[in-house]
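Asks: here's my sequence, what's the structure:
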Amino acid sequence: MNKRFIVALVATSAALFFSVAGFAEELKWTPIFNGIELTSFEEQEPLRQVVVARIDLTAPGVAIKTSSPHPDFAPDERETIRETTPGFLKSAGLALAVNGAFYKPFGGRTITKPGDANLRGLAVCDGFVESRPEKNFPSFVLKKDGSLEIRQYDEADDLSDVQLAISGPAVVLKDGKVLEQKDQATHPRTAIGFSEDQKYLYLMTIDGRRPEYSVGARLEDVGADLLKAGAYQGLNLDGGGSTTMAARGADGEPTILNWPINAISPDGLRFNGNGIGVTADGAPLVAFDEVVTIHNPGEPVEWTPAYDGVDVASWIEYDDPLRKIFAARVDLTAPGIAIKTSAPNEKFEPEERETYRQTTPQFLKESGLKLAVNANFYSPFNAGTIRQGGDSNVHGLAVCDGFVESQPQKGFPSFVVKKDGDVEIRDFAPDEDLSEIAQAVSGNRVVLKDGEIVAQTDKAVHPRTAVGYSKDKRYLYFVVIDGRQKDYSVGATYEDVGAALKLCGASEGLNLDGGGSTTMAILGDDDEPLVLNRPINGTPDLLRFNGNSIGVTANGKLRAKLIDGRVKPNSGATKFVPAEKTAP
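Replies: Here you go, the predicted model:
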């Protein structure tokens with residue numbers, strides 16, 4: 001089963017985005033269950049991505065739950081059984097949950113599999129005391145009369161009125177004031193808090209240890225973010241690789257709402273000592289879907305319809321090298337589908353002015369396309385030419401609407417669309433008859449042939465762009481793989497490109513220009529291009545001006561809602577949500 005990590009949501013009446021906001025700005029809350037709302041935002045200094053759930057404790061069906069005691073309970077020996085936060089959510093029948101207390105033993109295999117656990121600080125489940133109070137581990141407590149409290153409990157305290165409890169290392173918010181802390185370390189964080197009137201419970205995660213996405217938070221930042229969300233009292237819980245927030249999807253399966261740092265491991269999430277979560281009546285009010293998917297070998301790509309005949313997908317491969325992949329599948333038999341390449345230079349001269357450089361989004365918009373990627377290697381290529389329009393010569397065969405812009409070139413195999421609709425990938429000879437070719441672009445490596453990944457001596461890792469097609473030639477595939485961005489996407493070898501195309505369903509595949517050129521763009525629902533990946537050239541105004549591009553026309557309006565959940569310009573955290581999955 002895929003493990004899913006969400007940074008944006010869709011509801012019928014509201015869309016939730018990451019926002020960079022000051023304390024004066026009102027947060028946008030999206031109802032995800034009856035009595036449960038969610039918001040997410042970005043903060044700076046340190047850069048951090050924050051996800052907060054607000055739970056109305058007066059709503060019917062809402063109840064707070066913590067992890068059950070060990071079935072063979074023994075104090076200080078077997079207090080609970082380690083499980084992941086999604087596992088806790090599902091076994092306890094919850095709507096939403098986060099990880100809970102610090103625990104021991106900790107380290108090595110204990111965090112990667114179930115087993116006996118002992119908790120730090122007070123822990124109570126349905127009135128049963130699993131772990132006694134501990135110095136320097138203050139507790140969040142729900143009493144049997146329904147009141148809430150955060151304070152340090154002593155060993156001698158009477159616990160008979162405590163319904164449930166969970167503990168952490170620091171009170172971060174007290175009576176609406178952020179508490180100063182000696183500890184200024186920055187880590188992923190999980191926290192709990194409640195409003196002054198005790199109507200609302202807040203559960204919060206802050207991702208960390210990913211420099212270009214979310215560095216993490218200091219304890220004072222945790223208090224500030226809880227205060228921003230509306231809390232009056234707040235407690236920091238276990239964090240680091242434990243930090244996880246999960247919600248129940250419409251299919252009853254857990255969906256992870258943050259990006260746990262332990263998820264960099266193919267084995268997945270941390271097994272924690274306990275968790276805390278809430279029940280809620282009814283089905284989810286939103287459609288949860290992937291922002292990024294850890295793809296498990298052997299599982300098919302999950303496609304989302306974008307336009308009539310055009311589907312999109314994205315996922316992350318966590319084997320070496322780490323790589324984020326975006327793909328498009330085009331049904332060449334669908335009405336309205338046509339392949340287009342960049343037009344010749346208005347002052348065309350062979351090997352002098354063959355095309356005119358433009359960004360892939362510019363090509364998409366000017367050509368009236370719905371999706372496009374960059375194509376041929378080109379010259380002149382330098383720091384000046386890649387940042388502005390200008391005359392360009394492309395390497396290898398290039399044809400636009402039957403017009404030959406560039407002749408075949410040794411070492412640059414081509415993808416061609418013939419005038420009869422047939423498609424082909426192969427080397428073309430310089431003197432070959434090209435009269436039957438309608439469109440053509442070229443690359444530097446055939447990476448997939450007859451369904452087999454082509455072995456390559458070049459093992460370099462870079463951002464990549466590729467094109468391929470299925471064995472029956474019904475489907476065309478475009479793939480881009482981001483790179484040169486540590487902790488997000490390192491890039492891909494040529495063999496990785498072949499593997500990605502094969503996973504999509506291709507039988508034949510060609511690597512195109514990559515590096516800073518690698519770009520995939522789609523026409524948004526506002527009729528403006530949206531860059532789906534994260535080009536290494538950086539922000540949108542610095543997208544590379546490429547020698548040519550290739551794309552497709554398609555009928556209809558955008559069928560998928562593309563939510564720009566990007567945490568900073570051009571970060572590539574774009575999410576695909578099928579319209580038919582949106583809650584009624």
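Asks: give the contact list for Ala460.
Replies: Applying CB atoms under 8 Å, 6 or more residues apart in numbering, we find Ala460 in contact with Thr493. Every C-beta, even on glycine, is put in place using the N, C-alpha and C of the backbone.
Asks: count of residues packed around the closest residue in space to Phe102 that isn't next to it in sequence?
Replies: Leaving out its chain neighbours, the residue that sits closest to Phe102 by CB to CB, 6 or more residues apart in numbering is Arg120, at 4.1 Å. Here the number of neighbours of Arg120 (other CB atoms under 10 Å) works out to 19.
Asks: Arg120 is in contact with Ser139, isn't it?
Replies: No: judged on CB atoms under 8 Å, Arg120 makes no contact with Ser139 at a distance of 10.5 Å.
Asks: which residues are common contacts for those two?
Replies: Jointly contacting Arg120 and Ser139 under the rule CB under 8 Å, 6+ apart are Ser167.
Asks: neighbours of Glu349, how many?
Replies: 11.
Asks: beta-bridge partners for it, please?
Replies: Under DSSP bridges, the beta-bridge partners of Glu349 are Arg353.
Asks: and it, what's its pLDDT?
Replies: For Glu349, the pLDDT comes out at 95.
Asks: so how far is Thr355 from it?
Replies: Distance, Glu349 to Thr355, using CB to CB, to the nearest Å: 11 Å.
Asks: surely Lys347 touches Arg353?
Replies: Yes: counting by CB under 8 Å, Lys347 touches Arg353, with 5.2 Å between them.
Asks: the two: which is more packed in?
Replies: More crowded of Lys347 and Arg353, by other CB under 10 Å: Arg353, with 17 against 9.
Asks: got any ranges where the stretch 201-350 of the chain has weak pLDDT?
Replies: Within the stretch 201-350 of the chain, the segments meeting pLDDT under 70 span 262-268, 287-299, 318.
Asks: how about a cut-off of 80?
Replies: When residues are selected by pLDDT under 80, those of the stretch 201-350 of the chain lie in 211-213, 262-268, 286-300, 316, 318-320.
Asks: got the end-to-end distance for stretch 107-127?
Replies: Taking CA to CA, to the nearest Å as the measure, stretch 107-127 stretches 30 Å from start to finish.
Asks: same deal with stretch 437-451?
Replies: Start-to-end, stretch 437-451 (CA to CA) is 24 Å.
Asks: cool, stretch 302-315 as well?
Replies: For stretch 302-315, the end-to-end distance is 9 Å (CA to CA).
Asks: distance from it to the middle of the chain?
Replies: 16 Å (CA atoms, centre = their mean, to the nearest Å).
Asks: can you give me the neighbour number for Gly509?
Replies: 30.
Asks: what helix or strand does it sit in?
Replies: strand 508-511 (DSSP states H and E).
Asks: gap between whichever helix or strand comes after that strand and the chain center?
Replies: For strand 508-511, the succeeding helix or strand toward the C-terminus, using DSSP H and E, is strand 520-523. On the basis of CA atoms, centre = their mean, strand 520-523 sits 17 Å off its chain's mean C-alpha point.
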